[in-house]
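Chemist: any chance you can model this:
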Amino acid sequence: MQPPKTFEELKELYPDLEPWQRDELEEWHRGWITKLMTGEATSEEYNAATPPHSDPHHPEDEREDL
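Modeler: Below is the predicted model of the structure:
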């Protein structure tokens, strides 16, 4: 697995978030990556999951509520 993103990388990815929010988002993504790599979760579960903070890089769930 890649090393965690640096403060500067996270700031570039998420300029509208506070530093602590960026850290939480990075931790959330890394947790999901681990689950995907170990087979504990599927990409569909990851795509449907809601990040703890706004993330323009996370896929939106395409399903519409009826």
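
Chemist: show me what the top helix by length along the chain packs onto, helices and strands only.
Modeler: Longest helix of the chain, by residue count under DSSP state H: helix 19-38. Secondary structure elements in contact with helix 19-38, counted by 3 or more CB pairs under 8 Å, 6 or more residues apart in numbering; DSSP states H and E, are helix 7-13, helix 43-48. For glycine as for every other residue, the C-beta is placed from the backbone atoms N, C-alpha and C.

Chemist: just the CA atoms of the helix-or-strand element of the chain with minimal mean pLDDT, as CSV, please.
Modeler: Sorted by mean pLDDT, DSSP states H and E, the helices and strands of the chain end with helix 43-48, the least confident at a mean of 89. What follows is helix 43-48, C-alpha atoms only, in CSV (Å, rounded to 0.1, in the frame of the first residue of the first chain):
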residue,chain,number,x,y,z
SER,A,43,-15.8,-2.0,-4.5
GLU,A,44,-19.6,-1.7,-4.6
GLU,A,45,-19.6,-1.3,-0.8
TYR,A,46,-16.9,1.2,-1.0
ASN,A,47,-18.6,3.2,-3.7
ALA,A,48,-21.9,3.2,-1.8
